[in-house]
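>>> Sequence first, then the predicted structure, then my questions.
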Amino acid sequence: ADGRFVLLPDAPDMALVVADPLPLVTAASAPWVSKAGFGAEKVRVMEVDLPAAGKWRIERAGEEAAWKLTPLFAGEKLDVIRANSASYSLNRVEIADVAAPGLRPDETGLDRPVTVVASTFDRLTYTLKLGRMRGENFYATLWISGEPRAAGQDAEERGKQLAARLPREKAMAGQVLLIA
């Protein structure tokens, strides 16, 4: 017979023949995993801990306020464009795939991760741990804490957007992901 044989979990004694060859069905998760990742928007504070190179932190008092860098050593000056780029890099992080189960932290680089903690003006904290690269993607884990409280002119609309997207984003907690 042409097509695919399909077994149903609740009727294991019966096989159905489906005429569609189901070309998109694959054991590889990357083609069917939703690419919708997470977005740490309106970042107020961003801290980065590089295991081999130390820590740095940027923060601002308001959404339109200037960034401040800590530590700022003698003779150094904050590059505002890079500070903005760093904070905006978390606005839309896409998922490339989910890592295979059973990988050890030393296999993914998550035993000595780069840790990025971003706190937002919406009172959420995103903790992202980045491991080594696999192809063009990083192994990563994500945790989101806090209860959102949108403020400002667009608070009502922003609150609705956060309420719609946070359950999906929080469901990623503890999963080893591959992010683009």
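Everything's here; your move.
>>> pLDDT of the longest helix along the chain, averaged?
Longest helix in the chain, counting residues (DSSP state H): helix 155-170. On average, the pLDDT along helix 155-170 is 92.
>>> same deal with stretch 76-83?
The pLDDT scores in stretch 76-83 average 93.
>>> Start and end of it, how far apart?
Stretch 76-83 has an end-to-end distance of 14 Å (criterion: CA to CA, to the nearest Å).
>>> Helices of this structure, residue ranges please.
80-88, 105-108, 155-170.
>>> Just the buried positions in stretch 101-108, please.
Judged by neighbour count using 16 or more other CB atoms under 10 Å, the buried positions of stretch 101-108 are Glu107, Thr108. Every residue, glycine included, has its C-beta placed from N, CA and C.
>>> any idea of the mean pLDDT in it?
Averaged over stretch 101-108, pLDDT sits at 95.
>>> Adjust the sequence numbering to begin at 814 for everything that follows.
Sounds good: first residue 814 from here, last item stretch 914-921.
>>> Just the C-alphas of it, formatted as PDB.
The C-alpha trace of stretch 914-921 is given here as PDB (Å, rounded to 0.1, in the frame of the first residue of the first chain):
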ATOM      1  CA  PRO A 914      17.200  14.800  26.400                       C
ATOM      2  CA  GLY A 915      19.900  13.500  28.600                       C
ATOM      3  CA  LEU A 916      22.700  15.800  27.500                       C
ATOM      4  CA  ARG A 917      25.100  16.500  30.400                       C
ATOM      5  CA  PRO A 918      26.000  20.100  31.300                       C
ATOM      6  CA  ASP A 919      29.600  19.500  30.200                       C
ATOM      7  CA  GLU A 920      28.400  18.400  26.800                       C
ATOM      8  CA  THR A 921      26.500  21.700  26.300                       C
END
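>>> who touches that stretch?
Defining contact as CB atoms under 8 Å, 6 or more residues apart in numbering, one finds that stretch 914-921 is touched by Ala912, Asp924, Gly944, Arg945, Tyr952, Val989.
>>> In PyMOL, how would I select the buried members of those residues?
Applying 16+ other CB under 10 Å to these, the buried members can be selected in PyMOL as follows:
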select buried, resi 912+944+952+989
